[in-house]
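>>> Give me a 3D structure for the following:
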Amino acid sequence: MKAEAQSELRGAVRFPVKLPISVTVEGEQVTAETFNMSAGGMLFHLEADMQVGSNIEFQIAMPAAVLGAANDVMVTGSARIVRCSAEGERRAVAAVIDEYRFERRQ
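You can find the predicted model right below:
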């Protein structure tokens, strides 16, 4: 697929955000790092393969300094794995976000 067509399919601007993310798939929790995020999806890196089509739950602590807020915000939600490819020793995993919630930390 050409880059033009792929960017049209995304429909949301991606931001380069590198934050720890906790991902749960089939009851197993793993830690990864986001590479970029948008309102509709994210790309993260981890050490293990993830099956395309898998449903995941995720948690990301968004630092107050990044958001310009007084407190950190926990973002939790569910997503679907749409791509998993090798990048050196790690895997790049793309997920479409189905639902997300913001929880302010006190």
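>>> got a list of what Pro63 touches?
19, 72 (C-beta atoms under 8 Å, 6 or more residues apart in numbering). Placement of C-beta: from N, CA and C, glycine included.
>>> now swap in Val73 and tell me
Neighbouring residues of Val73 by C-beta under 8 Å, 6+ apart: 61-62, 64, 67, 102-105.
>>> rerun that using 6 Å as the cut-off
Contact partners of Val73, counting by C-beta atoms under 6 Å, 6 or more residues apart in numbering, are 62, 102, 104.
>>> mind listing what's buried in the helix or strand harbouring Ile60?
Take DSSP states H and E as the rule and Ile60 turns out to sit in strand 55-62. By 16 or more other C-beta atoms under 10 Å, the buried positions in strand 55-62 come out as 56, 58, 60, 62.
>>> Can you name the residues bridging to the spatially closest residue to Val52 that is not a sequence neighbour?
Take Val52 and drop its neighbours on the chain: the residue closest to it by C-beta to C-beta, 6 or more residues apart in numbering is Ile81, 5.4 Å away. Following DSSP bridges, Ile81 is listed with bridge partners Ala95.
>>> No further queries at this time; thank you.
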